[in-house]
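Peer 1: Sequence and predicted structure below; questions after.
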Amino acid sequence: MTLSFDPDSLSLPSGHFIGESLITADGVIPMHRPSDGKAYALCPRADADMVDRAVETAKTALKRSNWGGVRPRERLNVMHRWADLIETEAVTLARLEALSSTRPVGHLIEGDIAISTEQIRFFAEFADKEGSDLVPTDDGNLGMIMTEPYGVVGAITPWNFPISMAAWKLGPALAAGNAVVLKPSEMTPFSAVYLAELAVRAGMPAGLINVVLGDGPLTGNAITGHPDIAKVSFTGSSRAGSAIMENVARTGIKPMTLELGGKSPQLVFADADLDKAAAAITTSIISNAGQACVAGSRLIVEESVAAPLVDAILRHMNTVRPMPTWDAAAQYSPIISDQQRQRINSIICASVAAGAECLTGGLPMDAPGYFYAPTLIAGVDERSAAVTQEIFGPVLTLQTFRDEEEALSLAAHPTYGLAAGLFTRDLSRAIRITRKLQAGTIWVNRYGRSRDHILPTGGYKQSGIGKDLGREAFHANRKSKSVLIRL
Ligand code: NAD
């Protein structure tokens, strides 16, 4: 079977998934396909009553199924069956996702969905292996740190990797014994609804995963401010993260994990393998057309090797071809919306007006949909909008340095600290610089995540609070109580 599909032929699960069924709802938020710009659906918008219904359903499901209290291996088994069914249904899931998002259908099968199922299994394994601790005390006492699930977790996810982001939230929360009310982005809501449906079909107690559709101001606010949402797990922009903190502070204090924006530097020293560095740097900024939180969007290169590195990057950039996400051969992604494409273009135009130069790109591509050409922009400094703002597009800025000190000073960003890349053959320098870079993830002689899910991800500065992935994500979904027993 070919993966390519006719975008007009899909039937969309347009509604909220609460308990064990789809609650169809009239759509209100217009949706356009990024690959051709066609209006194709209206996304429903859950109000506070609908969110309340989802939370009540989750509470009842926790009570009835005793999900947090069953033999932990049972939680693990159910989650494994869910992951198996996601794999079986990968093509349907990939098509739903490719239609509304920027993810090419082939990448979804080999990348997003394959990795997400692996991550669900990875988190399931924690269920019967990580738990409470006995701690050292004197002979007259027994000390314990006892952990338990929070209850209902409220999860809110962005549009850039919708299935992966849902898996990052659902996997650890469920393995840790919680139920979830999930709100995907209003631009890419359908794959999350289908994931919830598959969980029920795989035998997960109905009501443990509830998906409500809607936007941030109405639906998102109702989730983060709900008194029975015990913990908030958010991935999205720093702007929305800040609004969520405000809402949580106003409506009742609760723990939060916030995975936010980035503007990550890639440092290249003269002794690096320039061909390998050029390939990794280009992939990191053209993958998903730069719409990745960890996109390495600031190239900072030692002056003496800037020219050959730039030549190699331009060669890679100039090979991309726009193709709709529903074509199995598609590699390069469109921008999510016309509005976002205009925003990218306006930042570039402002930078060029201020004296910057586009070495390639700097304009929309001549194709249907919202494609934007891979762009390398020189003549910028640390005050340029292209350097300070998270553009969230295929735009790489170029700055040069003469020594390590200058490299570090250019790498430091006033707001963000999500990730950083470093290319050098000098091991001592790699470690020295890694210690000084202010970012939650550092990649040396590579750029981008591997399938080592044990490595947590999260930001310094305004790139976030807490971690996704790794042990940290599991533990962030359990609260602990200290117990001391006099013997
Ligand atoms: P966004 O902040 O606009 O939206 C993210 C989600 O939050 C959506 O579901 C949206 O409806 C919801 N939302 C918006 N305002 C809200 C509010 N006040 N209350 C509750 N919910 C609200 O982000 P986006 O445009 O969907 O995604 C791109 C952003 O996400 C980028 O900044 C990117 O760096 C970030 N991101 C971060 C990570 C990470 O791991 N750090 C991963 C992916 C994306």
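Peer 2: That came through fine.

Peer 1: what sits against the residue most central in space within the chain?
Peer 2: A centroid search over the chain (C-alpha atoms, centre = their mean) returns Met165, at 4.6 Å, as the residue closest to the centre. The contact partners of Met165, taken as C-beta atoms under 8 Å, 6 or more residues apart in numbering, are Thr157, Pro158, Pro184, Thr235. Every C-beta, even on glycine, is put in place using the N, C-alpha and C of the backbone.

Peer 1: If we use 10 Å, what do you get?
Peer 2: Contact partners of Met165, counting by C-beta atoms under 10 Å, 6 or more residues apart in numbering, are 112, 116, 155-159, 182, 184-185, 188, 192, 235-236, 259, 293, 468.

Peer 1: again, but for Pro456
Peer 2: So Pro456 contacts Gly440, Thr441, Gly466, Lys467, Asp468, Leu469, Gly470, Arg471, Glu472, Ala473, Ala476 (C-beta under 10 Å, 6+ apart).

Peer 1: Domains in the protein, by residue range?
Peer 2: Recorded structural domains for the chain (assignment: automatic domain parsing) are 16-260+464-486, 265-452.

Peer 1: Make a markdown table out of these and add mean pLDDT and distance to the ligand.
Peer 2: Supplementary listing: the domains of the chain in a markdown table, determined by pLDDT from 0 to 100; distance: least, C-beta to the nearest ligand atom, whole Å:
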| stretch | mean pLDDT | distance to the ligand |
| --- | --- | --- |
| domain 16-260+464-486 | 97 | 2 |
| domain 265-452 | 97 | 3 |
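
Peer 1: measure stretch 223-235 end to end?
Peer 2: 14 Å (C-alpha to C-alpha, to the nearest Å).

Peer 1: So what's the gap between the helix or strand hosting Glu406 and the chain middle?
Peer 2: Per DSSP states H and E, Glu406 falls inside helix 404-411. Mean C-alpha position of helix 404-411 versus that of the full chain (C-alpha atoms, centre = their mean, to the nearest Å) differs by 28 Å.

Peer 1: Which elements pack onto that helix?
Peer 2: For helix 404-411, the packing partners by 3 or more C-beta pairs under 10 Å, 6 or more residues apart in numbering; DSSP states H and E come out as strand 265-268, strand 298-302, strand 395-401, strand 419-423, helix 427-436.

Peer 1: now the angle between strand 395-401 and that helix, please.
Peer 2: Orientation note: helix 404-411 sits at an angle of 150 degrees relative to strand 395-401 (axes from the mean of the first three to the mean of the last three C-alpha atoms, to 10 degrees).

Peer 1: Report the inter-axis angle for helix 404-411 versus strand 419-423.
Peer 2: 150 degrees.

Peer 1: buried residues in helix 404-411?
Peer 2: For helix 404-411, burial by neighbour count (16 or more other C-beta atoms under 10 Å) applies to Glu404, Ala407, Leu408, Leu410, Ala411.

Peer 1: Which of the residues you listed sits closest to Lys276?
Peer 2: Ala407 (18.8 Å; C-beta to C-beta).

Peer 1: Glu302 is in contact with the closest one, correct?
Peer 2: Yes - counting by C-beta atoms under 10 Å, Ala407 touches Glu302, with 7.4 Å between them.

Peer 1: Report the set of residues contacting both of these two.
Peer 2: Leu267, Val268, Phe269, Thr400, Phe401.

Peer 1: can you tell me which residues contact Gly261?
Peer 2: Here Gly261 is in contact with 158, 236-241, 293, 389-390, 392, 415-416, 418, 459, 462-464 (C-beta under 10 Å, 6+ apart).

Peer 1: if I look at it, how far off is the ligand?
Peer 2: Applying C-beta to the nearest ligand atom, to the nearest Å, the value for Gly261 to the ligand is 3 Å.

Peer 1: ok now do the nearest residue to Arg201 once chain neighbours are set aside, which residues does it touch?
Peer 2: Nearest non-adjacent residue to Arg201, counting by C-beta to C-beta, 6 or more residues apart in numbering: Leu85, 6.1 Å away. By C-beta under 10 Å, 6+ apart, the contact set of Leu85 is Thr117, Leu195, Glu197, Leu198, Ala199, Val200, Arg201, Ala202, Gly203, Met204.

Peer 1: what sits against the closest residue to the last one other than its chain neighbours?
Peer 2: Once flanking residues are discounted, Met204 sits nearest to Val78: 5.1 Å by C-beta to C-beta, 6+ apart. Counting by C-beta under 10 Å, 6+ apart, Val78 makes contact with Ser65, Trp67, Val70, Ala124, Ala127, Leu174, Ala199, Ala202, Gly203, Met204, Pro205, Leu208.
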